[in-house]
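Trainee: okay, here's the prediction I keep looking at, along with the sequence it came from:
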Amino acid sequence: MNGTRSDRLAEVLAAIPYVRFLGMTAELAGDEMTAILPFSPHLVGNTSLPALHGGVLGAFMEMTALTQLSIREPLRRQPRTIDVTIEYLRPGRALTTYARADVRKVGRRIANVQVEAWQETRASPVAALRGHFMLSLEGEEGLG
Amino acid sequence: MSADLEALAELGRRMVDQTPQAGALGLRFVSVAPGVAVIEAPYRDDLVGDPATGVMAGGVVTSLLDHVCGLAIKAAALDFNATATLDLRIDYMRPAEPRRGVIGRAHCYKLTRSIAFVRATAFEDDPDDPIATAQGAFVLSGAPAKAAT
């Protein structure tokens, strides 16, 4: 995986069946990645509003964190989620959702990442995620 | 009592069958009792998160746990119309087993007038050997059905 960051991004996204299930894509502006989740009826959790399923928003933000980590460092394999805390701020409406991940710290083995998801207005996020992820950097022995 | 349990089971089936995301994931209602709910996410190739291992994506577990928490709250507070998740924390104890489905079990252990507190676990066979545990707070939105009528 020595290609450009955008090659790596395309490779990472294309390799994950669940990314296709969600319908998630991503765009790069330099080293800043924006993940994109177009609205689709199968993502709905509440049909009367309608609103995106809370699990979908959480899953989308977790996948954003994993993807951001995967394109940032040459990893031997996918980062592994240790824990995530998801906060729901507003109902996710039947609109395209965007997310950006802020990698707060990358240690030898563990990364701390914060993600925010929004729809029409970046300043009014619909949900946020904080999480820790286990990394296996290329050339290092696995941790099992 | 058994009529109540049957009504709960019917509610559980509806909550799984009539939610688009639950249907898309192929979630299966397993059981429900007052304050407790169990739902299964069967394994599917198109839900894999890491092709190197064949393990289902963490996102499937997130949706499963969020959904089963919602059902446990319904099973504890039939009076309320709807719940909205405030926060959900998920700790991953170990990787899920490749090419296997996951069961989610939730317990709504405290209910105030407006907030429900729920714990949940995800596992393959043994609840004492969890893949993940979760803790969430949910707001009971909408007036109680009784007050609304």
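Mentor: On my side now, so go ahead.

Trainee: CA atoms for contacts and neighbours, from now on please.
Mentor: Noted.

Trainee: what's near enough to touch B:Val55?
Mentor: By CA atoms under 8 Å, 6 or more residues apart in numbering or on different chains, the contact set of B:Val55 is B:Val48, B:Gly49, B:Pro95, B:Ala96, B:Glu97, B:Pro98, B:Arg99, B:Arg100.

Trainee: same check, this time on B:Ala106
Mentor: With CA under 8 Å, 6+ apart, B:Ala106 has these contacts: B:Val36, B:Ala37, B:Val38, B:Leu65, B:Val68, B:Cys69, B:Ala72, B:Val118, B:Arg119, B:Ala120, B:Thr121.

Trainee: quick check, nearest of those residues to chain A?
Mentor: Set against chain A, the nearest of these by CA to the nearest CA is B:Leu65 (7.8 Å).

Trainee: assign that closest one to helix, strand or coil.
Mentor: helix (DSSP: H, G, I helix; E, B strand; the rest coil).

Trainee: for it, which non-adjacent residue is spatially closest?
Mentor: B:Gly104 (5.9 Å; CA to CA, 6 or more residues apart in numbering or on different chains).

Trainee: one more: B:Ala137?
Mentor: Going by CA to CA, 6+ apart, B:Ala137 has B:Phe117 as its nearest residue, at 4.8 Å.

Trainee: so B:Thr85 is in which element?
Mentor: strand B:82-92 (DSSP states H and E).

Trainee: pull the residues that contact stretch B:10-22.
Mentor: For stretch B:10-22, using CA under 8 Å, 6+ apart, the contacting residues are A:41-47, A:53, B:23, B:27-29, B:31-32, B:64, B:67, B:71.

Trainee: what about the residue nearest to B:Ala137, how many residues nearby?
Mentor: 17 (other CA atoms under 10 Å in any protein chain shown).

Trainee: residue 114 - how many residues pack around it?
Mentor: Because you didn't say which chain, this covers chain A. Neighbour number of A:Gln114 under other CA under 10 Å is 22.

Trainee: wrong one, chain B
Mentor: 14.

Trainee: the one 5 residues further on now?
Mentor: The burial count assigned to B:Arg119 is 22, neighbours taken as other CA under 10 Å.

Trainee: now swap in A:His42 and tell me
Mentor: 18.

Trainee: need the contact list for it.
Mentor: Contacts of A:His42 by CA under 8 Å, 6+ apart are B:Pro20, B:Gln21, B:Gly23, B:Ala24.

Trainee: how about the second one, secondary structure?
Mentor: Classification of B:Gln21 by three-state DSSP places it in helix.

Trainee: neighbours of it, how many?
Mentor: 26.

Trainee: burial measure for B:Asp129, as a count.
Mentor: 13.

Trainee: how about A:Leu9?
Mentor: With other CA under 10 Å as criterion, A:Leu9 counts 21.

Trainee: repeat for B:Lys110
Mentor: By other CA under 10 Å, the residues close to B:Lys110 number 14.

Trainee: next: A:Phe21.
Mentor: Residues lying near A:Phe21 (other CA under 10 Å) number 15.
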